[in-house]
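*Asks:* okay, here's the prediction I keep looking at, along with the sequence it came from:
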Amino acid sequence: MIRAGRQHLVRTIADLAAQQGVQVQSYLNTQPHLAPGFPAPVSSAGSRTRLYDGEQVDAYLTGKPVPPLPAEDDDQDLLDRRECAAALNISPRSWDKYKAAPTLTASLTDVSGVEHWPRAALHQFQAHRPGKAAATGRPLLSGDQVPRDQLLARTAPLLDADPSISAAFVVQALGVHRDTAQRALTLLRAERMADLMLTDPALSPEQAAAALNYPAAQARRATGRARTVLRARAIAPYLAEVGQALHRQGWTTAAAPPEVQYPDDDVVVAALVLDGPQPPAPALVWDERNGWRTATSRRHPLTRGAVPPPPGDGIRYLAQGTTPPQEALIAALAA
């Protein structure tokens, strides 16, 4: 997405080529934008037109540290077609129909030939979307009737009884929000697909879904998540060893591994509260992109969407690499 107030900084591949004084085709042939450390696009994954933040690109090209983009959501953030569809838990094709609503046509913003909509307009449309309350089967904004820690256990038997079960059925059966039901089904399907792929590594996620009789349309979200689950299981022994080492250090009261989570962008992250007598930080967070960092809150160690926060104000990135030895991590924490 394009963060609020940064539309004027957006650059296309053509802009990047012109900045370096080469033709677009030459730029695409050499692909300097795919070099390690080059700023990630601000356009969504899979977008036909790649968009970049000019401030980040300039910093990279001049050898300066690439500044992070704002981490907090703003009503003036600009979301593209795929991001809007993901926010509403619908397909991009469905969004192509919804975008004709007056609220959305009035707020449509063209950024370098790519359609975007402000987050505020999306929220307004979502709140007044025809049939929204009826589609969930529950009053708008009412709370889930199943505690979060019981959700998967209550949903699993429903999936066992019917592999093609829909989120709408879970809503009616358990009294939860449709988004809650969809997340539970996606994770359960992904975990069972991962189980099957571990027993037969030759299977792709799509083949595992078919073997489990999951309809392709319903398993689409779970196929990507299944790969994430496999990565989480592969890293689990390392995380458990770190949890034990921190316990021996006296920084945790229990030798428990960090709690693994899967944010919406399908990145493996884990959080561990440091509840010992004199911990070096309130909590630790690990993610597969950046490794370990400190967190300033025990209750909410992860930022929204697990977006990595910039260093400073109690945030420190620790050691080197994503899986540093326990001794290196402890030394970095104690420093």
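*Replies:* Perfect, thanks for sending it.

*Asks:* contacts only, for residue 164.
*Replies:* Applying Cβ atoms under 8 Å, 6 or more residues apart in numbering, we find residue 164 in contact with 213, 214, 215, 218. Where C-beta positions appear, they are placed from N, C-alpha and C, glycine not excepted.

*Asks:* how about residue 251?
*Replies:* Residues near residue 251 by Cβ under 8 Å, 6+ apart: 274, 276, 278, 279, 280, 333.

*Asks:* and the fourth one, how many neighbours?
*Replies:* The local packing count at residue 279 equals 19, with neighbours defined by other Cβ atoms under 10 Å.

*Asks:* in the stretch 1-150 of the chain, which spans are helices?
*Replies:* Assigned by DSSP state H, counting those that start in this stretch, the stretch 1-150 of the chain shows helices spanning 13-19, 24-30, 54-61, 81-87, 92-98, 102-107, 119-127, 132-136.

*Asks:* run the chain-centre distance for the longest one.
*Replies:* It refers to helix 119-127. Distance of helix 119-127 from its chain centroid, counting by Cα atoms, centre = their mean, to the nearest Å, is 20 Å.

*Asks:* packing partners of it?
*Replies:* In terms of contacts (3 or more Cβ pairs under 8 Å, 6 or more residues apart in numbering; DSSP states H and E), helix 119-127 is packed against strand 78-80, helix 81-87, helix 102-107.

*Asks:* any low-confidence regions in the protein?
*Replies:* Applying pLDDT under 70 to the chain picks out residues 128-146, 264-265, 305-306.

*Asks:* try 80 this time
*Replies:* For the chain, the stretches flagged by pLDDT under 80 are 46, 89-90, 94, 97, 100-103, 126-149, 172-173, 217-218, 263-266, 303-307.

*Asks:* what about the residue nearest to residue 256 when sequence neighbours are not counted, how many residues nearby?
*Replies:* Of all residues not flanking residue 256 in the chain, residue 243 sits nearest, at 5.4 Å (Cβ to Cβ, 6 or more residues apart in numbering). Residue neighbour count, defined by other Cβ under 10 Å, stands at 21 for residue 243.

*Asks:* do the same with residue 105
*Replies:* The tally of other residues near residue 105 (other Cβ under 10 Å) stands at 11.

*Asks:* again, but for residue 63
*Replies:* 6.

*Asks:* now do the one 5 residues further on
*Replies:* When counting by other Cβ under 10 Å, one arrives at 13 neighbours for residue 68.

*Asks:* does it touch residue 311 like I think?
*Replies:* No. Applying Cβ atoms under 8 Å as the test, residue 68 and residue 311 come out as separate, 9.1 Å apart.

*Asks:* sec struct for the nearest residue to residue 326 once chain neighbours are set aside, please.
*Replies:* Computed as Cβ to Cβ, 6+ apart, the closest residue to residue 326 that is not its neighbour in sequence is residue 245, at 4.0 Å. Of the three states, residue 245 takes helix under DSSP: H, G, I helix; E, B strand; the rest coil.
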